[in-house]
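In: Sequence plus the predicted model coming up.
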Amino acid sequence: MAEHAPDASIFSLAPPLQHGPDVEETQQWLNTWRGPVEFSYHDLHIRVSGDLAVAHGYVRLAGRKVGAAPPVAFWFRGTLTLERQHGGWHIVHEHHSVPFYMDGSLRPAFDLRPER
């Protein structure tokens, strides 16, 4: 969480709708995984203007959940807003989202992959 500003606003996949950086909460989430967790940005586009930067792209989350046999792997969308503070760049807003099917089922679209 060191790359986040202390007052960062995080809109992650898990509830609640908004929270701030929380080391204990992050550790509790990591404890639901067995072994390493891949959380990597791809096709990242970055725009910088003065002391603000916005980055957006795709995020791949993969690993093995505790109590689940097959590995988990899926893609979702990610946006980061950064601000230059105290001599470095810090995340002030982080937003992740999974699209869902608009067919009435409200199913998350975990089967989508970035077009290459």
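Out: Now that the structure is in, tell me what you want to look at.
In: rest of the way, CA atoms for contacts and neighbours
Out: Will do.
In: Mind listing residues that contact the lowest-mean-pLDDT helix or strand in the chain?
Out: When the helices and strands of the chain are compared on mean pLDDT, DSSP states H and E, helix 23-30 comes out lowest with a mean of 92. For helix 23-30, the surrounding residues in contact (C-alpha atoms under 8 Å, 6 or more residues apart in numbering) are 1, 37.
In: Equivalent analysis for stretch 68-81, please.
Out: 41, 52-65, 91-99, 110-114.
In: now it: mean pLDDT?
Out: For stretch 68-81, mean pLDDT is 95.
In: Just give me how far it sits from the chain centre.
Out: 8 Å (C-alpha atoms, centre = their mean, to the nearest Å).
In: buried set for it?
Out: 75, 76, 77, 78, 79, 80, 81 (16 or more other C-alpha atoms under 10 Å).
In: now stretch 4-24
Out: 4, 5, 8, 9, 10, 11, 12, 20, 21.
In: number of nearby residues for residue 26?
Out: Residue 26 has 11 neighbours, counted by other C-alpha atoms under 10 Å.
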